[in-house]
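Asks: Build the 3D model from these lines:
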Amino acid sequence: MFEHQDAASYDDWLFDPSRRAAAQLEMRLMTRMLGKGQGRRLLDIGCGTGWSLELFLRQGFNCTGLDPSIPMLEKARERLGNRVDLHPGLGESLDFDDNSFDVASLVTTLEFVENPRACLEEACRVAKDQLFVGFLNRYAIKGLQRRLKGLFSSTVYNKAQFFSVWEMKSLIRSVAGEAPIRWRTTCQLPGVYGQRSMQLEQSPIIQRAPTGAFCGMIVVLNPKFRTRPLPLRVEPSRKEKLLACYRDYPGVCNHEGISFPTHGELQG
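Replies: Okay, the predicted model is just below:
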């Protein structure tokens with residue numbers, strides 16, 4: 001989906017001084033919800049140019065990134081060097097074993113995949129402890145502005161699918177079942193943020209409002225394991241051998257020197 005021009009435009013937008021305060025609020029929300037990594041293995045699905053991976057590294061996670069866009073991965077490698085493992089691939093079909101990671105993250109990824117549910121299923125399969133989903137809120141003022149802008153000009157958001165807090169919870173529940181979910185939002189109002197508004201944005205009460213432009217969700221997963229039946233060789237008992245012989249050869253009246261009285265007596 002994202003070519004070289006898109007990758008460059010994304011980085012320009014991400015680090016634009018006009019949205020620096022919003023970016024700080026988003027990063028603070030993510031670090032507070034995820035906590036310290038302490039060497040835990042994290043897979044960032046749809047890592048893009050690597051800004052979220054850079055944040056996770058600072059938190060102490062052992063990071064792996066995946067993205068279908070080669071230009072995005074090139075930007076990520078320029079930013080991060082060899083500090084993370086980077087892989088090309090689709091979120092709907094991950095080339096990792098079950099429970100390969102402690103945490104899987106999807107930061108503004110589900111908006112741009114063809115099948116969000118399949119992407120969530122794969123994330124829950126490869127992660128054994130937690131899933132973090134960061135997404136752009138459908139019902140935020142900023143979200144409405146993005147969609148209106150897309151009506152009159154070509155933007156990256158023309159390709160995006162937006163979610164509300166309730167829609168995302170429902171989607172996650174359809175995949176992870178009744179797993180515990182905790183969510184917070186930030187960037188409640190668009191525009192320039194002063195010191196006072198920055199403090200308000202970090203209030204736990206304000207972050208419980210479902211109207212923030214960026215929403216983070218933490219899902220506590222129940223690890224699942226695939227099983228397959230293994231054939232076991234069991235030696236049949238003497239009685240079972242006699243019964244099988246009687247069934248197969250009812251006319252035989254003697255087996256190993258033992259006479260068959262009746263089938264009913266053998267059953268007894």
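Asks: List the buried residues in the one helix or strand L73 maps to.
Replies: Using DSSP states H and E, L73 sits within helix 70-80. Across helix 70-80, burial judged by 16 or more other C-beta atoms under 10 Å covers 71-73, 75-77, 80. For the C-beta atoms, the positions are set from N, CA and C on the backbone; glycine is no exception.
Asks: With stretch 42-61 instead?
Replies: Counting neighbours by 16+ other C-beta under 10 Å, stretch 42-61 gives 42-57, 59, 61 as buried.
Asks: what does stretch 128-145 give?
Replies: In stretch 128-145, counting by 16+ other C-beta under 10 Å, buried: 128-143.
Asks: next one: stretch 205-214
Replies: Going by neighbour count (16+ other C-beta under 10 Å), the buried part of stretch 205-214 is 206-207, 211-214.
Asks: to the chain's geometric centre, what's the distance from it?
Replies: 22 Å (C-alpha atoms, centre = their mean, to the nearest Å).
Asks: Kindly report the same for stretch 175-182.
Replies: For stretch 175-182, the distance to the chain centre is 12 Å (C-alpha atoms, centre = their mean).
Asks: what sits up against the lengthiest strand in the chain?
Replies: The single longest strand within the chain, with elements called by DSSP state E, is strand 127-136. Taking contacts as C-beta atoms under 8 Å, 6 or more residues apart in numbering, the residues outside strand 127-136 that touch it are 26, 30, 33-34, 40, 43, 52, 99, 101-108, 110-111, 120, 123-124, 143, 146, 160, 162-163, 168, 172, 176, 213-221, 223.
Asks: Neighbouring strands of it in the sheet, and parallel or not?
Replies: Sheet pairing for strand 127-136, assigned by DSSP bridges, gives strand 101-107 (parallel), strand 214-220 (antiparallel).
Asks: Columns distance to P231 and mean pLDDT on top of the ones you listed, output as TSV?
Replies: As requested, these are exported to TSV (distance: least, C-beta to C-beta, whole Å; pLDDT from 0 to 100):
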stretch	distance to P231	mean pLDDT
strand 101-107	33	97
strand 214-220	37	96
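Asks: Turn those strands into TSV, columns for distance to G65.
Replies: What follows is these, written out as TSV (distance: least, C-beta to C-beta, whole Å):
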stretch	distance to G65
strand 101-107	10
strand 214-220	18
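Asks: just those: most buried one?
Replies: Most buried of the strands paired with strand 127-136, by mean neighbour count (mean count of other C-beta atoms under 10 Å): strand 101-107, with a mean of 25.
Asks: quick one: that strand to chain centroid distance?
Replies: 5 Å.
Asks: which residues sit against that strand?
Replies: Against strand 101-107 from outside (C-beta under 8 Å, 6+ apart): 30, 34, 40-46, 52, 56, 61, 64, 91, 119-120, 123-124, 126-135.
Asks: Swap in 7 Å and give it another go.
Replies: 40-46, 52, 119, 123, 126-134 (C-beta atoms under 7 Å, 6 or more residues apart in numbering).
Asks: Just the mean pLDDT for the helix or strand hosting K241, thanks.
Replies: Taking DSSP H and E as the criterion, K241 maps to helix 238-248. The predicted model assigns helix 238-248 a mean pLDDT of 70.
Asks: again, but for stretch 68-82
Replies: Mean predicted confidence for stretch 68-82 is 91.
Asks: I'd like the distance from it to the chain centre, please.
Replies: The answer for stretch 68-82 is 20 Å, by C-alpha atoms, centre = their mean.
Asks: swap in stretch 90-98?
Replies: That offset, for stretch 90-98, works out to 10 Å (C-alpha atoms, centre = their mean).
Asks: one step back: can you lay out the buried residues of stretch 205-214 as a markdown table showing secondary structure?
Replies: Converted to a markdown table, those look like this (DSSP: H, G, I helix; E, B strand; the rest coil):
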| residue | secondary structure |
| --- | --- |
| I206 | helix |
| Q207 | helix |
| T211 | coil |
| G212 | coil |
| A213 | coil |
| F214 | strand |
